[in-house]
Every structure is written in structure tokens, then in C-alpha cells.
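>>> Pasting the sequence and the predicted coordinates here, then a few questions.
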Amino acid sequence: MTTIASHFGFKLPHLRNQHTDTHLRFSTGGIKRTRCPIISYCLINSRSLNPKCTSARLFLARVSNDSEGAADASSQQTTPSDYGSTSRDSYVALFVRMLGLDNDPLDREQAIIALWKYSLGGKKYIDDIMKFNGCTNLTVNLLKSESNCTCEAASGLLRMISSVNLYRDLVAECGAIEEITGLLSQSVLSAEVKEQSICTLWNLSADEKLRVKIANTDLLPLLIKFLDVEDLKVKEAAGGVLSNLALTHSNHSIMVEAGVIPKLAKLLNPDIEGSKVTRKEAKNALLEFAKNEYYRILIIEEGLVLVPMIGASAYKSFKPSLHSWPSLPDGTEIEQSPKYPSRFGASELLLGLNIQDKTVNIEERKMNAIVGRTQQQFLARIGAIEMEEGHGNSQDEPSSMSRFTILPWMDGVARLVLILGLEDEKAIARAADSIADSSINEHMRISFRDAGALKHLIQHLDHRNSVVRLAVARALARLSLSLVWCSNDVCHVLEAEGVIYPLLNTLKHSDVPRELMEKTLDILARILDPGKELKSMFFDGPVNGLKKKLDSETNTDITKTDSTPGYRKEVLDSAVLARLVEIMKSPNPNLQRKVASILEYVTIVDPCIDSIISMDIQSGLDAVFSTKVLDEPVFDTDDQLPEFKVVELEEAGLAISAASRLLTKLLKFDQFRHSINLTHFTRLLRKTLKSDIPLHNKDWVAACLVKINSFSNPYLDFENDPIITEVVLYKTIPRLIEKLKSSFSQEEKESAVVELNRIVSEGMVDWGKVIASNDGILPLVNMIGEGSDRGVESGLAILYNLSMDNENHSAILAVGAVPILRRIVLSKGPRWMQALQLLRVLPS
């Protein structure tokens, strides 16, 4: 919590017979003018003021407006010992009285300036002012003045008063927040007034009760706007207020909605100049926001990374490779060329700048990784790694183990990778957790890859500490979410670095924590992707092959060895397959989906079907298709599915879709077909097809069901086969209706309604109930009102067939079909007879 200090480091000068226009200078951030009124001499230097000074007598006569008092002041001879607290109080009382509304504005201005300068002496002088009731109210009233000097002095005095905890509530009760809001809302306002006013808010925001009040006024957008001003003092004060407001979590939502995070993140940009105070306050505020998971994502999207504070002693285990051949952070080695040796080692010194008269082109992201690594390693070697946070030499090292700092992404990524190479287990776990939290987009994932984080994380997968293993697995799972598919994406690099072996080793143990098992299967399912072989045909085809050939011909100095690990044998290990089938029998649909995907990959790349059959894969598939979610009653369209039910159906649908895809791939093997009960799986799949799982998850269910049916009935009658009929009713028709409702293409809608009309014309049983239950009547009515002739014809035909069932009449009338039909009839268009027939069937 930050406040403005109420004590200042200056000494009051001892003046002897000084001239009246002497200049006074105070070491405070709030006073810009050096010319001080004579009245301040009376207050601050009352012991040495020469009362015989003519101008002093005149000024005192004016401010007192009392001839008798002026005469006493001019005739009384004083000595330094005569001035004490009584004299000082009398002057304060005089100037407080001058603040009254009935006084001349110039007198009020000079009085408030005098009181402000008097308060700069510290708490004792502020207490002298606050002895007089009403002083704060009068000061707040002066914020309405049209004079910049008056507003600055009034704000300055309120700033000094609010710096004392005892008077903070009184300042707020006098309406200072509301008046400052109006003052800062003015279009033209000097930087000095802004500074003093915002500093007053800075002090007031130290009180938790007042933070909520400040955040819920028009001050918040003003404070955010002041972060962009050029005046550093104003920017510091605005950052300080926002930092204090962020200490109250109830303010976070309104502050984030006002756009404070991008503005604060901009202040930490290393390319933008700013004071240390501004950066510190911005960092403190962002650290408070980062405690919320969603706000943390917003901070990372602005190019910042949350880095744990681990203490300077943890970095003592860092061992730089001072005499090793240089390499890029991601492990790419720079080839040593013995053709042109240097007598004095200049070629090694200039390595990477110019090699054999050829300029080496390094991508910008790799250059950033090199710069970040160099800077962080240099700070670690000189023992200043956390100096910028003020904890580099901290004696209380354990307290820093729960703290974080925020760094720009280039420095933050390099710092986290550096921590991964240390010996402190807690530091490694915290760094891995930060990597997982920071890997929210492709840019961050690629940055960690280029910085060399993957190699360190893979090495820690076999760590003896379970906390470290879980944090590392979580980081790798987030990094493997890479959306870019190329020869050097994150998953390919993980595969090349041999991550499969420690993952399979973890998988074999049945006593590992559930979360660790989930993360392990996440990584394996993404690396062992069944669609990888098809994707590699496009990304590793002739074009890439030609590129590799050209690279080899040019003899590039920077090379990277890419060896494909022979892990297929380990994947087909009986212990691994048995463990996969065991997990597949668990009631967790997420684990079932991942296992089914891994087993499908195994059947594609190395179809050793005997090993799979021997592990009783049938029992695993049976467990997926027999999930309890499918046994619950089907909801009608009028019933609203609870949120938890929707989530359960979505998860079960994904698992069933993956298992159906696996079963479809296994059915091509004769050994597998002869080892399972096809009738049993047909019954399970038909039940699944009629369930409430999402429609897109039924694609592979229908395909698998048709394939099983083709093996059971070689002479298949597509028109009368009950399984084909169910596929059409519960998959094809709902899919066409979904396209009618959600497609943005008019052509797709018309194609869907034509196909639906073809199915209806074949006289399939229960088709009308399926259309009505899937809310298909409304899109059909919309089609006849907006579609082309082909779409109108098919839509009218379907609606006419639906009207043959009296139960559908109310639904057709409810969606407004009658006005559209009447318009078609009155237009005498090509389909007006069909519309007239439908109108005659519907009740009037």
C-alpha cells in the first residue's frame, strides 16, 4: 500500500533582517513556484521575521483587516524567544479565518497558499491547522476556484492533511473526492493542479473503505487517461491510485472493464521511457489482477509474463557454460568449420555474425531468445538477478518463495528457462507452473520452444519429486496445444527430444496421481495423433524434401539434427497396452477419449492386431459405449437441459466418437471381427444413435454401425434395413435440419431442404416426429418465405406431408405459416396451388 509521506527532509532557514522578496525553496514534489508570499515568513520563520519591515506591516494589516491589530503588530518589539506555539497558533487561526466565503478571493488564495506551505513542515504543523474546525470544509470549497494557484494550494493542503491517517476520513467526509472529480474533469487544467489532486486521491485510496468509493465514480476513466500524459509526476500519481484501488478485489471487474490492464502493461514496456515509481506501481497493480485466472490471461496477452521470485540464493547453483561451443537457446548447434582457422580466436569471437564470408540469417524470434538468455545469464552470474525487484540481497529468502514479479515476455521467458536449469525443486516447480499459465497462445508456445524450455522440461519428467513432475507435465500439456503443424512445431520437437519414453514410463505405474495421468495422456494423445500421418503428407512432402536438398547443397553452417526416435516398440509393449485398456474401462470420459485416440494411432502406424486383441480391447470399448449417461431418460424438446447434463453429454459424446472411430478402424482386421460379438456392439451403437449426445458426435457412430451391418448382412437392402432407417432418422434428418437452422449460405439451406424432401417422399416411418422433435418446422416456414423456387417447392411439400398429422397443426400455425402461405397464393406465383392446398388442410 502506498501513501504520500507527510514528513519532508528540509530545514527551516533562520532569517535575520532578510529583504521582503527573498525566495524560498522547499524540497517537495508538489511546489513549483519559488516566490513565496510574506505571509509564509510569518508562519514558517516567525522567530526571525522582522516586524519593522514596511511591506510586512502592510501585508499583515491587509490580511487581518484590523487597524488595531496591525498597529500592535507594527509597534510591538519581539525577540526570537517570544515566538512559540501561541504565536504560531494565532497566525494559523488568522489564516483559517481568511478562508471564509465572505473574504476577498485574493485574500483566500494567499491564505490557502500560506497554510499549504505551513503544512509542509510535517505532522506537527498539520495538527496545528486541524485544531480549527471547518478548515477542511473551507479548503475543499476552494477546489471550485477559477484560479489555478488556489486550486493547487487547496489540493496541496488536502494532500498533506490526508497523508495523516487520523484525518483521512475527515477529508473524504468533507466531499473532497467529489470536488476533485469535478476538478479533474475540466478540459483545461495545469499539471501542478492535477498532480496535487491525484496525490490527494493517492493518500485517500490507502483506506479500503474509500477505494470502493473512488473506483465507482467518474474518477476511474480519468485516472486511466492520465497514464498517457507526458508529465511524469501526474503519471506516477495516477499509477499509485490505481495500484491502491487494485488492492480491493471487488474493484477488479470495473477496473478491467474500463481498460486498465493494457494501459498499465504499456508502462512496463522496455521501449517506453518511464520513472521507477510508475513502473513499480503498474507492476503492483498487475500482480493483484494476476491473482485472477482470467485477468492473468489478459496480462499475458499484453506481452507480459508472470515470473516467480525464488530468492538470490537459488541462483547460486547456476553454472554457465563458459567454454562450450556456442549454440542457440533451442539446442541448435552452430557447425564448427575447420577450413579457415584463426590464429587469435577471432572467428570464435565473431561467431554468428559472419562465417566464411556468408551472412547467417537468424529469425527474429531466435534473436530475441539469444538476447533474453544473454541478459538473464549475465544478471545471474553477477548476482543481480532479482535486484530490479529490490530482493536481490534479501535476508528473508523464504518470504520470496510465494511472490511473483512481472517481466516483458522476452526477459520473462528467458528467466523461466534459466530457473528450470537450477537445483531448487520448489523453484523448478513454480517456473513450470508459470510456463503452463503463460502458454495461452501460439506466440508464447513458440517463444518457450525457441528459448530451450522443452529440453529442460523433458529432463524433469523423471524427477524424484512428484510436485515437480506434475508441474512439468502440466507445462508440457499446455505447450503441446500448438496449432501450427510443421516439421518444427512443439509436438514434433517434443517427439524428437524423446518425450515419449518418460511419458510411457509414467503410464505404466498405476499409483500415479490422477491429474498427472491426465496430463500424460494429453501429451501422448497430441503427439500420437491418428491424423498425423495424413498431415505429414502435406507438410513433409516434395516441397519440404526439395528444401532439405537445397539446404544440404548450400552447406549451411547452422544445422539441427532431426532424428525420429524408435518408440513404436515401447508403445506396443504389453504393459503399456494393458494399462491403456485398463484406463479405458474407467468411468472418466476424458481419459477414455485420449486412450481411444492413442490406440487408433497404434493401429495405423503399426497394425499389430494380435497384441491389441490379447489385451481384451473389447472390454474397453464396451465400457465406453455402456456409459451411464446413455441410460438416463431422453429429454423432450420442451425440457431445458441442466448445465451439468449438457457437459456430461458433451464429454460422453467425445469419448463415444473416438471409440467408434477406433472400432471402425479395427473392423478391417479379420482377427478382430472374429474375436468380438458384432451383435452386442450393434445393439450398443443403435442405443447410442438414439441418445442425446451432440449430433456431430454421432458421425462416427453411424459410420461404425453401417460398417458392422455390412459385415452382418452382406446382401444389404438399403430401403428396408432397420439400421439404415435409424441412421437416417437419428443422424441424417437431424443433420439436415441443423444445416437449415445454422447455415449462412442460402445454397446450402436449399440443398438441405431438397435432400430432406427426398427422404420424406420415400415414405420413411416416423420422419414427421423426428422433424418436429428437432424444431424443424420453423426453418421450413422460413424457407418458403425467403427461398428460391426450388427451395419453396421442397419446403411446401414437406409442410404438406407434416400437415397430414393433426398433431403438427398447432406447431405450423405457431411459427406464422398462414401469412406466408396467403402471400404466396395472392402472388399467383408458380407454387400458389401448393400453398392453397396447405391452407385448406390447416384449421382456419
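Nice, I can see it. Here the structure is a predicted model, which means the values were calculated and not measured. Numbers count the residues shown, from 1 in each chain.
>>> Give me the below-cutoff pLDDT ranges for the stretch 1-150 of the chain.
The model of the stretch 1-150 of the chain has pLDDT under 70 over residues 1-89.
>>> buried set for the lengthiest helix in the chain?
Selection of the longest helix in the chain by residue count, based on DSSP state H, yields helix 643-666. For helix 643-666, a neighbour-count test (16 or more other C-beta atoms under 10 Å) marks 648-649, 651-666 as buried. C-betas here are computed from N, CA, C, even on glycine.
>>> Stretch 801-819 now?
Buried-residue list, stretch 801-819, by 16+ other C-beta under 10 Å: 801, 802, 803, 808, 811, 812, 817, 818.
>>> Can you tell me which of these end up in helices?
Going by DSSP H, the helices hold 801, 802, 803, 811, 812, 817, 818 from those.
>>> Can I get those residues in TSV including pLDDT and distance to residue 473?
Formatted as TSV, those follow (pLDDT from 0 to 100; distance: C-beta to C-beta, whole Å):
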residue	pLDDT	distance to residue 473
801	87	57
802	88	55
803	88	60
811	88	52
812	89	56
817	88	57
818	89	62
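>>> Turn the residues you listed into CSV, including distance to residue 99.
Output for those, formatted as CSV (distance: C-beta to C-beta, whole Å):
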residue, distance to residue 99
801, 89
802, 84
803, 86
811, 78
812, 80
817, 78
818, 79
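>>> Between these, which sits nearest residue 216?
residue 811 (49.0 Å; C-beta to C-beta).
>>> that older thread, closest to residue 208 among the buried residues of stretch 801-819?
residue 811 (57.9 Å).
>>> which one is the closest one nearest to, not counting chain neighbours?
residue 777 (5.1 Å; C-beta to C-beta, 6 or more residues apart in numbering).
>>> ok, how many other residues are close to that neighbour?
22 (other C-beta atoms under 10 Å).
>>> what's it in contact with, if anything?
If you count contacts by C-beta atoms under 8 Å, 6 or more residues apart in numbering, residue 777 has them with 771, 799, 802, 808, 811, 812, 815.
>>> Farthest-apart pair in these, please.
Distance extremes for the contacts of residue 777: the farthest pair is 771 and 815 at 12.7 Å, using C-beta to C-beta.
>>> Report the residue spans of the protein with pLDDT below the cut-off.
Short version for the chain, where the test is pLDDT under 70: 1-89, 321-328, 330-362, 388-402, 483-488, 532-568, 606-607, 632-641, 714-720, 844.
>>> and the longest helix of the chain, how far out from the chain's middle?
30 Å (C-alpha atoms, centre = their mean, to the nearest Å).
>>> what's the next secondary structure element after it?
helix 670-675 (DSSP states H and E).
>>> Residues contacting that next one, please?
609, 610, 612, 613, 618, 666, 667, 711.
>>> Can you list the buried residues in stretch 470-487?
Result for stretch 470-487 [16+ other C-beta under 10 Å]: buried residues 470, 471, 472, 473, 474, 475, 476, 477, 478, 479, 480, 482.
>>> Next, format these as JSON lines and append secondary structure and distance to residue 269.
Formatted as JSON lines, the buried residues of stretch 470-487 follow (DSSP: H, G, I helix; E, B strand; the rest coil; distance: C-beta to C-beta, whole Å):
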{"residue": "470", "secondary structure": "helix", "distance to residue 269": "34"}
{"residue": "471", "secondary structure": "helix", "distance to residue 269": "29"}
{"residue": "472", "secondary structure": "helix", "distance to residue 269": "31"}
{"residue": "473", "secondary structure": "helix", "distance to residue 269": "33"}
{"residue": "474", "secondary structure": "helix", "distance to residue 269": "29"}
{"residue": "475", "secondary structure": "helix", "distance to residue 269": "26"}
{"residue": "476", "secondary structure": "helix", "distance to residue 269": "30"}
{"residue": "477", "secondary structure": "helix", "distance to residue 269": "31"}
{"residue": "478", "secondary structure": "helix", "distance to residue 269": "25"}
{"residue": "479", "secondary structure": "helix", "distance to residue 269": "25"}
{"residue": "480", "secondary structure": "coil", "distance to residue 269": "30"}
{"residue": "482", "secondary structure": "coil", "distance to residue 269": "27"}
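>>> so which helix or strand takes in the residue most central in space within the chain?
Geometric centre of the chain, nearest residue: residue 297, 1.1 Å, by C-alpha atoms, centre = their mean. Assigning secondary structure by DSSP H and E places residue 297 in helix 293-301.
>>> and that helix, C-alpha only, in PDB?
Provided in PDB are the C-alpha atoms of helix 293-301 (Å, rounded to 0.1, in the frame of the first residue of the first chain):
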ATOM      1  CA  GLU A 293      -7.100 -16.600 -13.700                       C
ATOM      2  CA  TYR A 294      -9.000 -14.700 -16.400                       C
ATOM      3  CA  TYR A 295      -7.300 -11.400 -15.800                       C
ATOM      4  CA  ARG A 296      -3.900 -13.200 -15.900                       C
ATOM      5  CA  ILE A 297      -4.600 -14.200 -19.400                       C
ATOM      6  CA  LEU A 298      -5.300 -10.600 -20.300                       C
ATOM      7  CA  ILE A 299      -2.000  -9.600 -18.800                       C
ATOM      8  CA  ILE A 300      -0.100 -12.200 -20.800                       C
ATOM      9  CA  GLU A 301      -1.800 -11.200 -24.000                       C
END
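>>> Could you list every helix and strand in contact with that helix?
On a contact count with 3 or more C-beta pairs under 8 Å, 6 or more residues apart in numbering; DSSP states H and E, helix 293-301 meets helix 252-257, helix 260-267, helix 276-289, strand 304-308, helix 425-438.
>>> Residues contacting that helix, please?
With C-beta under 8 Å, 6+ apart as the criterion, helix 293-301 contacts 252, 256, 261, 265, 286, 289-290, 306, 406, 437-438, 440-441, 444.
>>> make it 6 Å
256, 261, 286, 289, 290, 438, 440 (C-beta atoms under 6 Å, 6 or more residues apart in numbering).
>>> Pull out the buried residues from it.
By neighbour count on 16+ other C-beta under 10 Å, the buried set for helix 293-301 is 295, 296, 298, 299, 300.
>>> Helix 260-267 and that one, what's the angle between them?
Angle of helix 293-301 versus helix 260-267, following axes from the mean of the first three to the mean of the last three C-alpha atoms, to 10 degrees, is 30 degrees.
>>> Output the buried residues of stretch 801-819 as CSV; include the columns distance to residue 706.
CSV is the format used below for the buried residues of stretch 801-819 (distance: C-beta to C-beta, whole Å):
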residue, distance to residue 706
801, 26
802, 28
803, 32
808, 30
811, 32
812, 33
817, 36
818, 41
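>>> The helices and strands packed on helix 293-301: which one's closest to residue 833?
helix 252-257 (58.0 Å).
>>> gap between that closest one and the chain center?
Centre to centre, stretch against its chain (C-alpha atoms, centre = their mean), the figure for helix 252-257 is 14 Å.
>>> before we move on, back to that, of all the buried residues of stretch 470-487, which comes closest to residue 426?
residue 471 (10.0 Å).
>>> so who does the closest one touch?
429, 432, 433.
>>> wait, which of those residues is closest to residue 504?
residue 432 (20.3 Å).
>>> distance of the closest residue to the closest one other than its chain neighbours from residue 460?
Counting by C-beta to C-beta, 6+ apart, residue 432 lies nearest to residue 471, which is 3.8 Å off, once chain neighbours are set aside. Distance, residue 471 to residue 460, by C-beta to C-beta, to the nearest Å: 8 Å.
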